[in-house]
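Colleague: A structural model of the following input is requested.
(chains A and B)
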Amino acid sequence: MEVILDVTDLHIEFHDHDLPETAVEDFDLMLGKGEIVGIVGESGSGKSMSALAIAGLLNRHAIKKTGRIMFEGVDLLTCDRKTLRSFQGDEISIIFQEPMTSLNPVKNIGWQVEEALFIHHKEIKKEERKKRAIEMLKAVGLENAEKVYKMYPHELSGGMRQRVMIAAAMIGNPKILIADEPTTALDVTVQAQIVELLKKINRERGTSIIFISHDLSLVSQLCERVIVMQQGNIVESGSTAEVFRKPRHQYTKKLIAAIPKIEL
Amino acid sequence: MRYIIKKFFMTIITLVVVSFCVFLAFSVIPGDPALKKLGMEASPELVAQVREEMGLNDPLVVRYYRWISAFVKGDFGTSYSYNKPVMWLIAGKIPNTIILGIMAFLITVVVSIPLGIFTAKHENGVIDRVISVTNQIIMAIPPFFSGILISMIFAGVIRLFAPKGYVSYKDNVPGFLWYLLFPAVALALPKIAMTVKMLRGSVLDEAGKDYTRTAYSRGNRTNEVLYRHVLKNAMIPVITFLGMVLADMVAGSIVVEKVFDVPGVSTVLINSISNRDYPVVQTIIMGIATIVIVINLLVDIVYCVIDPRIRIDE
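Modeller: Predicted coordinates:
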């Protein structure tokens, strides 16, 4: 399988306080083309930090990052801002945990879905952008896409907003979609729909997905491969089936045991 | 659109209520207009006759209706002290006060918005720190004192204008505007300090929100995130504040007008209050109330333009 993202020895340290705090230690990830990899772990395990680092969103001076994040022959950690920006939203997209607040409240949906095209593909005309945005809104399962195009975030439910986020992330047909706990804030039926949508995007467009969650059952539905993190370290990784059947690490066993079961 | 119509009707209702309160207040304060008109020595019969002629014995509502319908037509009544129409007394003063207020407001907007954005963008930089300390000092100085300082420095030392050398707009418009510039600055200074502080805080607040992170994730530059995403959101509370500032400046430049000897409405107001010239006071107060209420309506309309959450709500 063709490797499109290769993260080695990623180390993230915060220097906000007197003593440096390590958020992620020795994180490695190889993402194949068209692959879905899950990262699981509890809050504070460093899974979101790793994702934000790959998306190029940890740019504060107080954050020290070492290691390498290789994408298209470029190290995203050391490349200049311009190169990084040229990937963001076009080749690497990210959706977040909080669909309620991740959209700009004073811009309409159409504008926000189109923005990545506007930034990266100035050559595309306004009408063409609109056409593509509406197609994309339809593709993520929003009926009345023309109507939604003109609406504002506050008029949509959480699930619809997350679909809009996905549409905005996918508009430039990126190679990698990072989904940082995209279903945590949603109710269970909507969760399942979003997971189905991510599967469909992966299948139809061949987008590689990094799916971050603390919900092992969702990960097992979606991902071929899984990485288990605890306190900034990878404690286990391998094929999802393997890890679930024969967890080697004590922490993974506990996580699996913590999945609620329905007993009749 | 429905929102604007609703607000418009609310404004009219507010104006009616406020005007009634103003009228009520001036009908209950002691002092008989008829007696005031005739002088203390007038015979009780004559006073009673004049009261009847002036319609002072009519019910309150009838008198209110008479006053407000005349007011709307621009007939503000007759000054007790000068026995001339109130309009004659204040007509020449209104442009001074309004132009002074608008100038001060424009200075506030033009200076504070770029400064607020700049200080937020370069948070904790040298300039940000200098401006933040300066802001604290300026906010602590009352306008009359900064007015005196400005007079001393720009008229006394640098001689950019003649102190107490007011030029009428009827004689010389550039000279008039140049003279008003200095009181306008005195009036604007504390408001600039407050607006800068507020906008800076508001921008930083919005910059920490999730949608800002989303904007960065699409490959926006810092400036693009700031101007395309953050600023519109950050302006929402600042616009409320600027609305109050505008109302305050048009209505409340009393002290600064005194310091710079600008013959504005406030001079008339102060004289009329000490002379108990109620029709004049009543007119000016009603005028100020109207300005404040109308500015509030304008702020609501601006809101409606920039914030879709207000536009669509029911």
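
Colleague: count of residues packed around the residue of the stretch 1-150 of chain A found nearest chain B?
Modeller: Using Cβ to the nearest Cβ, residue A:89 is the residue of the stretch 1-150 of chain A that sits closest to chain B, at 3.4 Å. Yep, even glycine has a C-beta here, placed from its N, CA and C like the rest. Other residues near residue A:89 come to 29 when the count uses other Cβ atoms under 10 Å in any protein chain shown.

Colleague: So which bits of the stretch 51-200 of chain A are right by chain B?
Modeller: Within the stretch 51-200 of chain A, the positions near chain B by Cβ under 8 Å from any Cβ of the partner chain are A:55-57, A:85-90, A:93-94, A:96, A:98, A:101-108, A:115-116, A:119-120, A:152, A:154-155, A:165, A:168.

Colleague: Just the ones of those in strands?
Modeller: Secondary structure from DSSP state E places A:93, A:94 of these in strands.

Colleague: Out of the residues of the stretch 51-200 of chain A next to chain B, list just those in helices.
Modeller: A:85, A:86, A:87, A:115, A:116, A:119, A:120, A:165, A:168 (DSSP state H).

Colleague: Would you list the phi and psi of the residue in chain B sticking out farthest from the centre?
Modeller: Most distant residue from the mean C-alpha position of chain B: residue B:45, 44.9 Å away (Cα atoms, centre = their mean). Here is the backbone geometry of residue B:45 (degrees, to the nearest 10): phi -60, psi -50.

Colleague: Contact partners for it?
Modeller: By Cβ atoms under 8 Å, 6 or more residues apart in numbering or on different chains, no residues touch residue B:45.

Colleague: Please enumerate the strands of the stretch 151-264 of chain A.
Modeller: A:176-180, A:208-213, A:225-230, A:233-239 (DSSP state E, counting those that start in this stretch).

Colleague: would a markdown table of these with mean pLDDT be doable?
Modeller: Below are the strands of the stretch 151-264 of chain A laid out as a markdown table (pLDDT from 0 to 100):
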| stretch | mean pLDDT |
| --- | --- |
| strand A:176-180 | 96 |
| strand A:208-213 | 95 |
| strand A:225-230 | 92 |
| strand A:233-239 | 90 |
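
Colleague: and whichever residue of chain B sits closest to chain A, what does it touch?
Modeller: Proximity to chain A, evaluated over chain B using Cβ to the nearest Cβ, is greatest for residue B:218 at 3.4 Å. In this structure, residue B:218 makes contact with A:88, A:89, A:93, A:115, A:116, A:119, A:168, judged by Cβ under 8 Å, 6+ apart.

Colleague: Could you tell me which ranges of the chain sit under the pLDDT cut-off?
Modeller: The chain I'm using is chain A. By pLDDT under 70, the weakly predicted segments of chain A are A:262-264.

Colleague: Let me rephrase: I mean chain B.
Modeller: Those would be B:252, B:311-314, if you go by pLDDT under 70 across chain B.

Colleague: report the longest helix in chain B, please.
Modeller: Chain B, longest helix under DSSP H: helix B:173-207.

Colleague: how about the helix or strand just after that one: buried residues?
Modeller: Where DSSP states H and E defines the elements, the next helix or strand beyond helix B:173-207 is helix B:210-217. With burial defined by 16 or more other Cβ atoms under 10 Å in any protein chain shown, the residues of helix B:210-217 counted as buried are B:210, B:211, B:212, B:213, B:214, B:215, B:216, B:217.

Colleague: now swap in stretch B:29-41 and tell me
Modeller: Result for stretch B:29-41 [16+ other Cβ under 10 Å]: buried residues B:33, B:34, B:38.

Colleague: how long is it end to end?
Modeller: 21 Å (Cα to Cα, to the nearest Å).

Colleague: What are the contacting residues of that stretch?
Modeller: By Cβ under 8 Å, 6+ apart, the surrounding residues in contact with stretch B:29-41 are B:42, B:46, B:47, B:50, B:51, B:54, B:56, B:80, B:276, B:278.

Colleague: Next: stretch B:172-182.
Modeller: Contact with stretch B:172-182 is made by B:96, B:99-100, B:103, B:150-151, B:154-155, B:160-161, B:165-169, B:260, B:262, as judged by Cβ under 8 Å, 6+ apart.

Colleague: What subset of those residues is buried?
Modeller: Those of these that meet the buried threshold are B:96, B:99-100, B:103, B:150-151, B:154-155, B:161, B:166-167, B:169, B:260, B:262, by 16+ other Cβ under 10 Å.

Colleague: The stretch 101-250 of chain B against chain A: which residues are in contact?
Modeller: B:209-211, B:213-221, B:224, B:229, B:232-233.

Colleague: Name the member of those with the shortest distance to residue A:210.
Modeller: Nearest to residue A:210 among these is residue B:217, at 13.5 Å by Cβ to Cβ.

Colleague: Not counting its neighbours along the chain, what's nearest that closest one?
Modeller: Excluding its sequence neighbours, the residue lying closest to residue B:217 (Cβ to Cβ, 6 or more residues apart in numbering or on different chains) is residue A:94, at 4.9 Å.

Colleague: List the beta-bridge partners for the one you found.
Modeller: With DSSP bridges as the criterion, residue A:94 is bridged to residue A:178.

Colleague: Tell me if I'm right that it and residue A:51 touch.
Modeller: Yes: if you go by Cβ atoms under 8 Å, residue A:94 and residue A:51 touch, sitting 7.0 Å apart.

Colleague: shared neighbours of the two, which are they?
Modeller: Going by Cβ under 8 Å, 6+ apart, residues that sit against residue A:94 and also against residue A:51 are A:178, A:180.

Colleague: Compare neighbour counts for the two and give me the winner.
Modeller: Between residue A:94 and residue A:51, counting by other Cβ under 10 Å, residue A:94 is the more crowded of the two (29 against 22).

Colleague: Now do the same contact list for the more buried one.
Modeller: Counted by Cβ under 8 Å, 6+ apart, residue A:94 has contacts A:51, A:52, A:55, A:57, A:169, A:177, A:178, A:179, A:180, B:217.

Colleague: do that again at 6 Å, thanks
Modeller: Residues in contact with residue A:94 (Cβ atoms under 6 Å, 6 or more residues apart in numbering or on different chains) are A:55, A:178, B:217.

Colleague: any chance of these in CSV, with distance to residue B:243 too?
Modeller: Shown next, in CSV, are the contacts of residue A:94 (distance: Cβ to Cβ, whole Å):
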residue, distance to residue B:243
A:55, 40
A:178, 43
B:217, 35
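
Colleague: Residue A:245: which of those is nearest?
Modeller: For the contacts of residue A:94, the nearest to residue A:245 is residue A:178 (27.1 Å; Cβ to Cβ).

Colleague: rewinding a little: what residues sit buried inside the longest helix of chain B?
Modeller: By 16+ other Cβ under 10 Å, the buried positions in helix B:173-207 come out as B:176, B:179-203, B:206-207.

Colleague: Helix or strand: which one has residue 12?
Modeller: Since no chain was named, I'll use chain A. strand A:3-14.

Colleague: hmm, I had chain B in mind actually
Modeller: With DSSP H and E as the test, residue B:12 turns up in helix B:2-28.

Colleague: Give me the distance between that helix and the centre of its chain.
Modeller: On the basis of Cα atoms, centre = their mean, to the nearest Å, helix B:2-28 sits 18 Å off its chain's mean C-alpha point.
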